[in-house]
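> Show me how the following folds:
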Amino acid sequence: QVQLVESGGGLVQAGGSLRLSCAGSGRTFNRYSMAWFRQAPGKEREFVAGISWGLSTTQYTDSVKGRFTISRDNAKNTVDLQMNSLKPEDTAAYYCAAGTSFLAVTSGSYAYWGQGIQVTVSS
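Presented below is the predicted three-dimensional model:
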């Protein structure tokens, strides 16, 4: 069982930066692939970035490549998402997720979810 809690969201102007953090509980945290998803109003939840449990291989959706960076600290049971050069279209609720599949991009592949945190980018 893994419990996830996100923090760090908020309101930022376009071009600004935010850092989201996800704190996980459980002794086996480092055995899970971790990911960030987001969901804007009226839209489906979409994969943003993922990081594997072993070599920390990363994967990003095309729209955030070069702007977002996912990282993890297994000693602290945390996964962070550094978001730079934010755009209004990045506005969404962001969710942290944990799963056993290697860098899956579909939400159904993740068994554990945080409650979500709002990120709003003003133009």
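> And the helices in this structure?
With DSSP state H, there are no helices along the chain.
> show me what contacts the residue sitting nearest the centre point of it?
Central residue of the chain (CA atoms, centre = their mean): residue 36, 2.1 Å from the mean position. Contacts for residue 36 (CB atoms under 8 Å, 6 or more residues apart in numbering) come out as 20, 22, 48-50, 70, 79, 81, 94-97. Yep, even glycine has a C-beta here, placed from its N, CA and C like the rest.
> any chance of those in CSV, plus pLDDT, neighbour count and distance to residue 116?
Formatted as CSV, the contacts of residue 36 follow (pLDDT from 0 to 100; neighbours: other CB atoms under 10 Å; distance: CB to CB, whole Å):
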residue, pLDDT, neighbour count, distance to residue 116
20, 98, 25, 11
22, 97, 26, 11
48, 98, 24, 13
49, 98, 25, 16
50, 97, 26, 17
70, 97, 23, 17
79, 96, 29, 15
81, 98, 26, 13
94, 98, 23, 7
95, 98, 23, 5
96, 97, 28, 8
97, 97, 25, 10
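> returning to what we had before: how close does the residue nearest to the centre of the chain sit to residue 55?
19 Å (CB to CB, to the nearest Å).
> same question, residue 12
From residue 12 to residue 55 the distance is 32 Å (CB to CB).
> which one of the two has more residues nearby?
Between residue 12 and residue 55, counted using other CB atoms under 10 Å, the more crowded position is residue 12 (17 against 7).
> That one bridge partners, please.
residue 121 (DSSP bridges).
> Please tell me how far it sits from residue 19.
11 Å.
> Same check on residue 28?
Counting by CB to CB - residue 28 and residue 19 are separated by 25 Å.
> now do residue 60
Distance from residue 60 to residue 19, by CB to CB: 16 Å.
> got a pLDDT number for the residue nearest to the centre of the chain?
On pLDDT, residue 36 comes in at 98.
> quick one: contacts for the closest residue to it other than its chain neighbours?
Leaving aside its sequence neighbours, residue 36 sits nearest to residue 48 (CB to CB, 6 or more residues apart in numbering; 4.5 Å). Shown in contact with residue 48 (CB under 8 Å, 6+ apart): 35-38, 60-61, 64, 68, 81, 94.
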